[in-house]
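In: Sharing a model prediction with you, sequence too.
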Amino acid sequence: MAAQDASIIDQALELFDEATTVFAKFGIDISPFASQIIITAILLVLLFLFRKTLWPLTLASIVGIVPLIVVAGIAISWIYQLVLPLPDHVFGRVADGNLSDLSVELVDFHDRVLPPGSVRVDTVSGDFAIRYTPSFGDRPRAVVIHRPGCAPYRQTISRPQVAERAVIDIRFSCTEETS
């Protein structure tokens, strides 16, 4: 049951991540945690403004309960992140015939490179490990692979992959960089 609960929470957090992406499309550059706070505040204000229509139980009150459920979901996700914070590292393995000169980096939802920046891929095994500083309410969104002369290759990583410390398998093939 705990794994199923975690899955539901992961899906809710992914939904809030998408809300951050929507804010970014409108030029609002905020973190996922800030977007969760904004959504919570908006929903609480709406609940306060329409509190008289929420009782007695009517169709309007049933629809009005949805924001309350979303607010509760955000609160549960914050507790979940406090109790089970994300690890401070990501492990992966690159599959490619030529592992020389490969470097990888983690990027956030704005495609900003997370410190420490690029790390080298092991030229024998293709393994890499990146240690970063986790941020509450946010996570690495993608691994970007670089090789001189090749276009950067981006692979999105999910919250469960990061949270479960899963090895991220990447099939890389060089495509010529276009200017």
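Out: Noted; the coordinates are in hand.

In: Beyond the helix or strand hosting residue 74, next helix or strand please.
Out: Using DSSP states H and E, residue 74 sits within helix 59-83. Next helix or strand after helix 59-83 toward the C-terminus (DSSP H and E): strand 89-95.

In: Look up how far residue 39 lies from residue 105.
Out: Residue 105 sits 30 Å away from residue 39, going by Cβ to Cβ, to the nearest Å. C-beta: built from backbone N, CA, C; applies to glycine.

In: ok, these two, which is more surrounded?
Out: More crowded of residue 105 and residue 39, by other Cβ atoms under 10 Å: residue 105, with 21 against 18.

In: give the contact list for that one.
Out: Shown in contact with residue 105 (Cβ atoms under 8 Å, 6 or more residues apart in numbering): 113, 114, 117, 118, 119, 130, 143, 144, 146.

In: which regions of the chain sit below the pLDDT cut-off?
Out: Along the chain, the model assigns pLDDT under 70 to residues 1-17, 28-29, 50-66, 137, 178-179.

In: what sits opposite residue 168 in the beta ladder?
Out: residue 92 (DSSP bridges).

In: Quickly list the domain ranges of this structure.
Out: With domains defined by automatic domain parsing, the chain comprises 2-83, 89-171.

In: nearest to residue 177, of these?
Out: When these are compared by Cβ to Cβ, domain 89-171 sits nearest residue 177, at 4.7 Å.

In: Give me the distance from that closest one to the chain's centre.
Out: With Cα atoms, centre = their mean, to the nearest Å as the basis, domain 89-171 stands 14 Å off its chain's centre.
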